[in-house]
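In: Let's see this in three dimensions:
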Amino acid sequence: MSARDRYPIPAGRHRVEQEITHSRFITTIGMAASADEAQAFIRAIGEEFADATHNCWAYVAGPPGDTGRVGMSDAGEPHGTAGRPMLTTLLHSGVGDVVAVVTRYYGGTKLGTGGLVRAYGGGVKLALASLPMTERVERTTLEVVVSYGAVAALQQLFPAHEAETESERFEADVTFRLRLPVTQVDALCAAIMDATRGQAKIDAD
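Out: Predicted coordinates:
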């Protein structure tokens, strides 16, 4: 099974807050399957906390650890002290399709470069520790045509392969349109051909 076909993602918006040396840090994490979704989330948090000193952000819009669609911003903090540690934390989190915004209300005491890195990276770590998650599953569609005599045997195969029936057509033969995880396709096709002694017709979208 490829990590790209199935991986944990945020189940929804999640927020934690902490105070570090009089500065208030609010970390908000959400789901973003694309750079556009990430930017929309970042804009929304920026509008919610428009009066904040900084709204720093990072995202990984893809499988866990994939650097193909990532972004980050220090949003006015010293270069490398906010966006980079946030992104590094996300990339090592094992979570995909994830965006994080750390909002800072400055409390009058400077944290220094190391302190900022720890505060921003730590805020993301803290939020991830209690983040409700769900699973992203890459799915595809199959059309299976069998004789009436094979229907019962076929239907018994579906649950084990996480196949959901989208539609059924009862004509000269029976046509099932199935939706299932990409990772289950080969195994289900083999099971169907075995159950029907090679008599089924299978078309993949």
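In: Next up, the contacts around R118.
Out: By C-beta atoms under 8 Å, 6 or more residues apart in numbering, the contact list for R118 reads P85. Just so you know, the C-beta spots here come from the backbone N, C-alpha and C atoms, and that holds for glycine as well.
In: ok, now the one 5 residues further on?
Out: With contacts taken as C-beta under 8 Å, 6+ apart, G123 has the following neighbours: V16, Q18, F25, T27, M86, V102.
In: Helix or strand next in line after the helix or strand hosting the fifth one, which one?
Out: Element membership of M86 [criterion: DSSP states H and E] is helix 83-91. Going down the chain from helix 83-91, the next helix or strand is strand 98-105, by DSSP H and E.
In: tell me which residues in stretch 177-195 are buried?
Out: R177, L178, L180, P181, T183, Q184, V185, L188, C189, A191, I192, A195 (16 or more other C-beta atoms under 10 Å).
In: typed the wrong thing, it's stretch 97-106
Out: In stretch 97-106, counting by 16+ other C-beta under 10 Å, buried: D97, V98, V99, A100, V101, V102, T103, R104.
In: Just among the contacts of G123, which is most surrounded?
Out: Neighbour counts for the contacts of G123 peak at V102, which has 30 neighbours (criterion: other C-beta atoms under 10 Å).
In: Please put the alpha-carbon coordinates of the biggest helix by length in the chain into CSV.
Out: The longest helix of the chain (DSSP state H) is helix 112-129. Presented in CSV, the C-alpha positions along helix 112-129 are these (Å, rounded to 0.1, in the frame of the first residue of the first chain):
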residue,chain,number,x,y,z
GLY,A,112,15.2,36.0,20.5
THR,A,113,15.8,33.8,17.5
GLY,A,114,15.9,30.5,19.3
GLY,A,115,12.9,31.4,21.4
LEU,A,116,10.9,32.2,18.3
VAL,A,117,11.8,29.0,16.6
ARG,A,118,10.8,27.0,19.7
ALA,A,119,7.5,29.0,20.1
TYR,A,120,6.3,28.6,16.5
GLY,A,121,7.5,25.0,16.0
GLY,A,122,6.2,24.1,19.5
GLY,A,123,2.8,25.7,18.8
VAL,A,124,2.3,23.4,15.8
LYS,A,125,3.6,20.4,17.8
LEU,A,126,1.2,21.1,20.6
ALA,A,127,-1.8,21.5,18.2
LEU,A,128,-0.9,18.3,16.3
ALA,A,129,-0.7,16.3,19.6
